[in-house]
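Asks: sharing a model that was predicted from the sequence below.
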Amino acid sequence: MLQQFPPMGVYETLFKFADATAKYMGDPGTHPWAQGYPLTTQLPGGPALPENISLKSTDLKYPKATGELELRERIAAYYNDHYNAGISPDHVAVFGGGRPGILATLAFLEADVGVAVEETEYTPYYDMLKILNRNVHLIPSNTENRFRPDASDYDISPPGQTERLFLVKSNPCNPTGVMTGGDALKGLVEKFSQPGHGALFDEAYEFYCDPEPESALKYIDDIDNTDIFVVGAATKGLQVPGMRTGWVIAAERHIEIFRNYSSFGMGGISRPSQLYVADLLEPARVSQAKNAVNQFFTSQRNRYASGLKELGFELFTGTGGFYHWGRLPGELSADDFNGRLFEHEAGILPGVLCDMARRTGESGPMHRFIRFSFGPLSADSYDNDMEIMSKCV
């Protein structure tokens with residue numbers, strides 16, 4: 001009765017790890033280098049994470065379809081304060097994390113809209129686009145351009161028989177950490193604000209950029225006159241992946257569609273989670289958190305870059321996110337590397353799972369690439385991490 005499909009790439013790796021070790025990656029004593037979550041403890045110079053939240057009986061009722069006003073006000077205020085976005089709560093829809101918002105956006109694209117996505121991208125994009133049977137154009141993102149497409153790579157026509165074009169882009173990119181900012185980001189916003197164009201900028205790793213975070217909203221004059229969607233979440237920057245709270249910012253006419261969808265497809269998002277996240281977005285607190293996340297993870301990125309290069313990894317990592325993207329030394333494949341790592345209760349994400357063309361086997365261009373996550377790693381785990389890596393390469 002049901003169409004079969006495999007688990008998303010990260011979960012495919014987690015399930016293989018569980019089969020090999022009888023543990024869940026992330027359990028005490030394991031080394032969750034394949035997983036995309038940050039430390040959920042207080043960072044140096046950062047604010048404490050609240051340990052409880054006070055609820056009234058009215059907080060236990062059904063939540064509002066588009067999201068609670070308290071949270072949508074805080075989200076709008078954040079982007080207005082930091083990026084002069086000029087948005088209101090009516091431009092914000094709340095979802096159960098970033099992925100449901102991305103999937104809803106892609107699901108409601110009209111039939112004549114084709115999708116452009118970079119060749120190396122966030123692994124669930126592949127699953128979403130395949131399940132939705134979308135016409136896709138792949139933008140070159142590979143070793144030849146060091147996973148850094150230039151402006152001309154986005155000068156493309158709608159794929160197949162489609163008539164309009166919609167860009168899907170994580171920025172900073174997951175898995176490569178390559179950030180598009182400044183004039184390059186401004187140019188993309190302008191290009192995909194034109195008639196017949198639209199874009200989704202997935203900014204889950206917004207806080208994790210060196211030298212400073214940036215959002216596409218900085219370059220949007222009037223979001224109501226665009227088909228641009230900006231996705232954010234509490235998962236990464238606010239360090240609370242378990243709250244499963246994300247948001248999409250878009251024109252009011254699109255937010256109305258998300259409200260209507262929520263009325264039959266989601267029923268709203270947990271109000272206690274939304275209230276917790278609203279507290280995290282208090283203006284002074286979120287500014288402190290943004291600075292702390294940026295400084296701590298930039299130092300971690302630099303530290304692990306040095307260690308991995310010493311072991312012979314060829315790194316292509318950008319200046320954002322909490323991953324290293326690189327090619328293994330010698331002829332070692334990512335799958336074989338994971339087989340060795342599993343013996344030490346560690347694991348990475350094989351690069352082929354970030355290939356939007358899913359070219360597998362030794363002939364595939366990504367079979368020796370890995371995404372190494374330092375997001376969940378405490379500062380004192382470095383020596384042990386490098387020891388395990390050294391044994392396995």
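Replies: Thanks, I have it.
Asks: residue 166 touches residue 109, doesn't it?
Replies: Yes: in this structure, residue 166 is within contact of residue 109 by CB atoms under 8 Å, at 6.0 Å. (Each C-beta comes from the backbone N, C-alpha and C, glycine too.)
Asks: phi first, then psi, for the residue positioned nearest the centre of the chain.
Replies: The C-alpha lying nearest the average C-alpha coordinate of the chain belongs to residue 204 (CA atoms, centre = their mean; 4.3 Å). Here is the backbone geometry of residue 204 (degrees, to the nearest 10): phi -60, psi -30.
Asks: ok, residue 162 next?
Replies: phi -80, psi 160.
Asks: mind checking how far it is from residue 357?
Replies: 19 Å (CB to CB, to the nearest Å).
Asks: compare these two (neighbour count), which wins?
Replies: residue 162 (20 against 14; other CB atoms under 10 Å).
Asks: can you pull out the helices in the stretch 101-250 of the chain?
Replies: For the stretch 101-250 of the chain, the helices defined by DSSP state H, counting those that start in this stretch occupy 123-131, 182-191.
Asks: can you give me the neighbour number for residue 68?
Replies: 22.
Asks: what do you get for the one 10 residues further on?
Replies: By the measure other CB under 10 Å, the count of residues near residue 78 is 20.
Asks: and for residue 330?
Replies: 8.
Asks: distance from stretch 104-118 to the middle of the chain?
Replies: Remark: stretch 104-118 is offset 18 Å from the chain centroid, using CA atoms, centre = their mean, to the nearest Å.
Asks: do the same with stretch 179-193
Replies: Per CA atoms, centre = their mean, the centroid offset for stretch 179-193 relative to its chain is 18 Å.
Asks: which residues touch that stretch?
Replies: Residues outside stretch 179-193 that contact it (CB atoms under 8 Å, 6 or more residues apart in numbering) are 151, 154, 165, 167, 169, 171-173, 197-199, 209, 214, 216, 218-220, 225-228, 318-320.
Asks: also stretch 268-288?
Replies: Stretch 268-288 has contacts (CB under 8 Å, 6+ apart) with 45-47, 49-50, 53, 55, 59-65, 67-68, 70-71, 74-75, 77-78, 81, 94-96, 234, 238, 240, 243-245, 262, 289.
Asks: quick one: the longest helix anywhere in the chain to chain centroid distance?
Replies: Counting residues, the longest helix found in the chain (DSSP state H) is helix 283-310. Helix 283-310 has its C-alpha centroid displaced from the chain centroid by 16 Å (CA atoms, centre = their mean).
Asks: buried sites along it?
Replies: 285-286, 289-294, 296-298, 300-301, 304-305, 307-308 (16 or more other CB atoms under 10 Å).
Asks: any low-confidence regions in this structure?
Replies: The chain contains no residues with pLDDT under 70.
Asks: can you list the domains in it?
Replies: Here the domain parsing of the chain from automatic domain parsing is 9-44+291-392, 57-285.
Asks: contacts only, for residue 16.
Replies: Residue 16 touches 338, 342, 347, counting by CB under 8 Å, 6+ apart.
Asks: hmm, the second one is touching residue 20, no?
Replies: Pointing back at residue 342 there. Yes: Residue 342 lies in contact with residue 20 (CB under 8 Å); the separation is 4.2 Å.
Asks: which one's more surrounded, these two?
Replies: Higher neighbour count among residue 342 and residue 20: residue 342, with 20 against 15, using other CB under 10 Å.
Asks: wait, what's in contact with the more buried one?
Replies: Contacts of residue 342 by CB under 8 Å, 6+ apart are 16-17, 20-21.
Asks: how near is the nearest residue to residue 263 once chain neighbours are set aside to residue 95?
Replies: Leaving aside its chain neighbours, residue 263 sits nearest to residue 65 (4.9 Å; criterion: CB to CB, 6 or more residues apart in numbering). Residue 65 sits 11 Å away from residue 95, taking CB to CB as the criterion.
Asks: neighbour count winner among these two?
Replies: Set side by side, residue 65 and residue 95 show more neighbours around residue 95, with 27 against 19, by other CB under 10 Å.
Asks: residues near the closest residue to that one other than its chain neighbours, how many?
Replies: Distances taken as CB to CB, 6+ apart put residue 101 closest to residue 95, at 4.0 Å, once the chain neighbours are dropped. Residue 101: 26 surrounding residues under other CB under 10 Å.
Asks: for residue 112, the count of nearby residues, please.
Replies: Around residue 112 there are 12 residues (other CB under 10 Å).
Asks: roughly how far apart are it and residue 70?
Replies: Residue 112 is 38 Å from residue 70, by CB to CB.
Asks: count of neighbours near residue 57?
Replies: 6.
Asks: how much space between it and residue 278?
Replies: Where residue 278 is concerned, residue 57 sits at a distance of 19 Å (CB to CB).
Asks: may I have stretch 170-187 as CSV, with CA atoms only?
Replies: The C-alpha atoms that make up stretch 170-187 are tabulated as CSV, following Å, rounded to 0.1, in the frame of the first residue of the first chain:
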residue,chain,number,x,y,z
SER,A,170,21.7,25.9,2.1
ASN,A,171,23.8,28.9,3.2
PRO,A,172,26.3,28.2,4.7
CYS,A,173,26.3,25.0,2.7
ASN,A,174,25.8,21.7,4.5
PRO,A,175,28.0,19.7,4.0
THR,A,176,30.8,21.9,2.7
GLY,A,177,30.6,24.9,5.0
VAL,A,178,31.0,27.3,2.0
MET,A,179,29.2,30.6,2.7
THR,A,180,27.8,32.9,0.1
GLY,A,181,27.7,36.5,1.4
GLY,A,182,28.2,40.1,0.5
ASP,A,183,27.8,41.0,-3.1
ALA,A,184,27.5,37.4,-4.2
LEU,A,185,24.5,36.8,-1.9
LYS,A,186,23.0,40.1,-2.9
GLY,A,187,23.3,39.1,-6.6
